[in-house]
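Colleague: kindly generate the corresponding structure for this input.
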Amino acid sequence: MVTMDGQKVDLDKDLPSRREFYEVFNTADGYTQCPRGAKPTEEEAQLKSKLSTYPVSLSFNGSLFTKAYCHACNKRGEYASADGKKHLEDAPCKFFYYWLGHTYSYLLHEIKLPDILGDIHRILGTLFNGNECIFKYGDISNDLLKHRKKLFEHYYDCTHVKEYLKQLKDSGGKAEDDVHWASYKLDVNEACKYVGEYCGGTGGTHDPYCKEYSTIYLKYCEGIDRIPMHCPTLEELQAHVELQTQLQDETETEPEVKSTALEFSGSGHERGDTVQTVDSHFRTTLPTGSTTGSGAQRASPIVSTAVGGTLFTLGLPLAAFLSYKYNLLPDWIKNSLFGGLNNGNNRRGGRRSTIGRNHHFDDTFTENSMDTSTNLSREVDSIMNLSTAPSTATEDNSTTYDESSGRQNNRRQQQLRRRQQGQRTNIAYYSM
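Modeller: Next up, the predicted model:
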């Protein structure tokens, strides 16, 4: 024992949880905490009547339950409106829950605790206009209830216990030699172990209480073993909650990369979908066809990654060519890109005129992807080398190159023209 404010304090008996709640619940001798400070005669009679229907009648406790419930609800209203105690708003209701469950634990094999609490709330709750206690915990074993009760008491009493240890040290004592502290710490450690194993096992998958444990009470379990003992601050608890939420989100979110470029429905109409890039840390959604600084243009959606320009240059020309070669493109696309090659009598002639009119289109396809008759891999290498060039041109009918390599480019253009002459036959063959 040590002296606090001139009083001898016993950690086993004189804690805020006991003085402010349990002792009041056990000895309530008036209705001063009920609305208007008067006995709710009608509601109490209804409660007694309901309690008498239980396998073991509790009607003789109707008055005690009414007074205790009034005290818990009244305290809840005080905490909700008091600076510095709003985070404890539900504490009075939880103390009522643990008090009732612990006091009548010998009956809980015949009467379910949630049933008793539900009847009390239904009959008396309407007296308190929003400040009534609502009980959300499910039916649990007596052992689990006992250990949860101890954890909640430590959560509520922690600052008081810390002050006890401080004054013990100031008076020349040692915490490790104090029998009251040793007994208190042992009880809390046992509760932490029991509840931790429960929530780490089957309870963690179905009992909502375990989220409350992992975000609040677990930090108090860690703090009691520190030297000196530590009571988490509200800021620490908030940071812990945010971290737990982030970890849970990352666990539940499967990393994925979705890219829908250009799809076609059965009727041949263009359908563009949202391009979405997702990983465990951020999420980006780009509307189809959006461009930097403009949302009005509609273009092919592109997912930009580390290979950036290479995929940009490679993707669309190669995809279009392969689709054309293996006859995967709808007719209306072929008509648009290849000058109506699907018109049976016009395939070869139409192809020649298209190539003649669209020299740049031939340059792009010939240079980047159309020399498959010799070696497809060589053409892919060629496309990769042109990854810094724009995928389409607006006016120039020649392929875009760096001006600093003029001679080399001129030779290359001559080679391209010669290759085009030989490949017209191949192109016409592919379209057959």
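Colleague: show me the strands in this protein, by range?
Modeller: 2-4, 7-9, 256-258, 263-264, 270-271, 275-278, 283-286 (DSSP state E).
Colleague: lowest average pLDDT across those?
Modeller: Sorting the strands of the chain by mean pLDDT places strand 283-286 lowest, at a mean of 30.
Colleague: just give the number of residues close to the closest residue to residue 108 other than its chain neighbours.
Modeller: Computed as CB to CB, 6 or more residues apart in numbering, the closest residue to residue 108 that is not its neighbour in sequence is residue 142, at 6.2 Å. All C-beta spots, glycine's among them, are computed from the backbone N, C-alpha and C. Using other CB atoms under 10 Å, residue 142 is surrounded by 14 other residues.
Colleague: what's the pLDDT at residue 142?
Modeller: Here the pLDDT value assigned to residue 142 is 94.
Colleague: repeat for residue 62
Modeller: 95.
Colleague: repeat that for residue 313.
Modeller: Looking at residue 313, its pLDDT is 45.
Colleague: what do you get for residue 228?
Modeller: So, for residue 228, pLDDT stands at 91.
Colleague: quick one, phi/psi of it?
Modeller: Backbone torsions of residue 228, given as degrees, to the nearest 10, read phi -70, psi 170.
Colleague: kindly provide the distance from it to residue 153.
Modeller: To residue 153, residue 228 is 20 Å away according to CB to CB, to the nearest Å.
Colleague: neighbour-wise, which of those two wins?
Modeller: residue 153 (24 against 10).
Colleague: OK, contacts around the residue lying closest to that one once chain neighbours are set aside?
Modeller: Nearest residue to residue 153, sequence neighbours excluded (CB to CB, 6+ apart): residue 17, at 4.6 Å. Counting by CB atoms under 8 Å, 6 or more residues apart in numbering, residue 17 touches 95, 153, 156-157.
Colleague: just the buried ones from those?
Modeller: 95, 153, 156-157 (16 or more other CB atoms under 10 Å).
Colleague: what about residue 194, how many residues nearby?
Modeller: Residue 194: 17 neighbours (other CB under 10 Å).
Colleague: that one and residue 145 touch, don't they?
Modeller: No. Residue 194 is beyond contact range of residue 145, at 10.8 Å (criterion: CB atoms under 8 Å).
Colleague: who touches the spatially closest residue to residue 44 that is not a sequence neighbour in this structure?
Modeller: Counting by CB to CB, 6+ apart, residue 44 lies nearest to residue 66, which is 4.7 Å off, once chain neighbours are set aside. Counting by CB under 8 Å, 6+ apart, residue 66 touches 31, 34, 39-40, 43-44, 47, 124.
Colleague: make JSON lines out of those and add pLDDT.
Modeller: Formatted as JSON lines, those follow (pLDDT from 0 to 100):
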{"residue": "31", "pLDDT": "93"}
{"residue": "34", "pLDDT": "94"}
{"residue": "39", "pLDDT": "95"}
{"residue": "40", "pLDDT": "96"}
{"residue": "43", "pLDDT": "97"}
{"residue": "44", "pLDDT": "97"}
{"residue": "47", "pLDDT": "97"}
{"residue": "124", "pLDDT": "97"}
